[in-house]
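> Sequence and predicted model, in that order:
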Amino acid sequence: AQSVAQPEDQVNVAEGNPLTVKCTYSVSGNPYLFWYVQYPNRGLQFLLKYITGDNLVKGSYGFEAEFNKSQTSFHLKKPSALVSDSALYFCAVRDTNRDDKIIFGKGTRLHILP
Amino acid sequence: KAGVTQTPRYLIKTRGQQVTLSCSPISGHRSVSWYQQTPGQGLQFLFEYFSETQRNKGNFPGRFSGRQFSNSRSEMNVSTLELGDSALYLCASNTWTGTGSYNEQFFGPGTRLTVL
């Protein structure tokens, strides 16, 4: 069965420093991978996705993610964090070998310290 | 283009009651997914509908049900509410790009259900 793990419940980063939010996945076939962000009292907003092609995916708000097939990871990164990046981040995966649902991780709360 | 609409935004019910939540997807989208979000469990998939047909269902008890109408609007119903059903219920309007292709999801603001 497909699954996705976000090993950190919370990540604290100083403003201006690079940030990484980790995600690992497990699927039987090739994955479709997604990152979403949730701000307080709002729904989820799409950040970026990996379907195929270049392993480095660029998304909204300066975020990027790197697909690593050997490590089954899809970590979210940003070179320089902003206080406004503070939010809840979700990684999601869909198994392309199966006509199946998208599975979300439990989320990582990102705190950017001024 | 209008976004995803969910009604009501907030709801307070007591144990044993039932509740119906509504979701109107983005115009032209024929697929809707429902999720339950709680602090401890994150987002858990409830069900997915495409053109009035349930395509996928998560691991929730039969008290949770849903349907989709011909205009793509969807409802989910929870009967015999329990305290543990308190959560944010999110609806996503899905796009598809062909057979077996990915879907991109646009989420509504959610319905906050509190069960007392």
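That came through, no problem.

> and residue 50, how many neighbours does it have?
Defaulting to chain A. Other residues within reach of A:Y50, judged by other Cβ atoms under 10 Å in any protein chain shown, total 21. (C-beta placed from N, C-alpha, C; glycine too.)

> that's the wrong chain, I wanted chain B
Neighbourhood size, B:F50 [other Cβ under 10 Å]: 18.

> do the same with the one 10 residues further on
Counted with other Cβ under 10 Å, residues neighbouring B:F60 total 16.

> which ones are touching the closest residue to it other than its chain neighbours?
Leaving aside its chain neighbours, B:F60 sits nearest to B:L46 (5.8 Å; criterion: Cβ to Cβ, 6 or more residues apart in numbering or on different chains). For B:L46, the contact set (Cβ atoms under 8 Å, 6 or more residues apart in numbering or on different chains) comprises B:33-36, B:57-58, B:60, B:64, B:66, B:76, B:89.

> Which members of the residues you listed are classed as buried?
Neighbour counting with 16 or more other Cβ atoms under 10 Å in any protein chain shown marks B:33-36, B:58, B:60, B:64, B:66, B:76, B:89 as buried within those.

> okay, how far is it across stretch B:66-82, tip to tip?
By Cα to Cα, to the nearest Å, the extent of stretch B:66-82 from end to end equals 18 Å.

> Identify the residues contacting it?
The contact list for stretch B:66-82 (Cβ under 8 Å, 6+ apart) reads B:13-25, B:29-30, B:32, B:34, B:46-47, B:49-54, B:63-65, B:85, B:89, B:91, B:113, B:115.

> For the helix or strand hosting B:L43, give the mean pLDDT please.
For B:L43, the host element (DSSP states H and E) is strand B:42-50. For strand B:42-50, the mean per-residue pLDDT is 90.
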